[in-house]
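How does the following fold in three dimensions:
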Amino acid sequence: MPVAILRQGDHLIASVQSDLSDSEILSFRDEIAERVGRDRARGVIIDVTALDVIDSFVARSLRSLAVMLRLRGAETVIVGIRPDVAIAIVHFNIDLDPVRTALDLDDAHAVLHRLGRRGNVDGG
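Numbering: from 1, shown residues only. As a prediction, this is how the structure comes out:
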């Protein structure tokens, strides 16, 4: 599979290695959802630096993945969106909400730690 999934503490880091076909995106979705449950992950970071394009199917898949993982108890942060890809996402009015984004892995870990602290305060 062109997505490497590594565990770091209570987070999973999924690094997309190349553009994904629709079937590979669906396989990735299933694998990461299974890993969240098996590894009891509280956060997932998806690195999309290698993606040249984030089309509407990929965007919808990332959005539904974030919602699904939240239902399984893990927050999701997307990192590595290239400037030209970000411009295209805005130009074509692709909605990524409620997906959180960060510039790099360090920022993503900080986002997940903040969310974890907030969840503890709120009792969630």
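
now what about the helix or strand of the chain at the bottom of the mean pLDDT ranking, what contacts it?
Using mean pLDDT, DSSP states H and E, helix 105-122 stands out as the lowest-scoring helix or strand of the chain, at a mean of 81. Applying C-beta atoms under 8 Å, 6 or more residues apart in numbering, the external contacts of helix 105-122 come out as 11, 13, 42-43, 45, 47, 75, 77, 79, 100, 102. To be clear about C-beta, it is placed using only N, CA and C from the backbone, and glycine gets the same treatment.

can you map out the strands along the chain?
Remark: strands assigned in the chain by DSSP state E are 3-8, 11-16, 43-47, 75-79, 100-102.

can you put those strands in TSV and add mean pLDDT and distance to A108?
Listed next are the strands of the chain as TSV, based on pLDDT from 0 to 100; distance: least, C-beta to C-beta, whole Å:
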stretch	mean pLDDT	distance to A108
strand 3-8	95	11
strand 11-16	96	8
strand 43-47	97	4
strand 75-79	96	4
strand 100-102	95	4
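
which non-adjacent residue is nearest L6?
In this structure, L6 finds its nearest non-sequential neighbour in I13, 4.9 Å apart by C-beta to C-beta, 6 or more residues apart in numbering.

In contact with the most centrally placed residue in the chain, which residues?
Nearest residue to the geometric centre of the chain (C-alpha atoms, centre = their mean): I46, 3.7 Å. Shown in contact with I46 (C-beta under 8 Å, 6+ apart): 14, 16, 32, 62, 65, 76-79.

just to revisit the earlier point, how close does the residue nearest to L6 get to P83?
22 Å (C-beta to C-beta, to the nearest Å).

neighbour count winner among the two?
I13 (20 against 7; other C-beta atoms under 10 Å).

In CSV, list the C-alpha atoms belonging to stretch 16-33.
This file holds the C-alpha atoms of stretch 16-33, laid out as CSV (Å, rounded to 0.1, in the frame of the first residue of the first chain):
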residue,chain,number,x,y,z
VAL,A,16,1.0,9.1,1.8
GLN,A,17,3.8,8.0,-0.5
SER,A,18,2.2,8.8,-3.9
ASP,A,19,-1.1,9.8,-5.5
LEU,A,20,-3.7,7.3,-4.6
SER,A,21,-6.3,5.6,-6.8
ASP,A,22,-9.9,5.6,-5.6
SER,A,23,-9.6,1.9,-4.4
GLU,A,24,-6.3,2.7,-2.6
ILE,A,25,-8.0,5.6,-0.8
LEU,A,26,-10.8,3.2,0.3
SER,A,27,-8.3,0.6,1.5
PHE,A,28,-6.4,3.3,3.4
ARG,A,29,-9.6,4.4,5.1
ASP,A,30,-10.3,0.8,6.2
GLU,A,31,-6.8,0.2,7.4
ILE,A,32,-6.5,3.4,9.4
ALA,A,33,-9.9,2.9,11.0
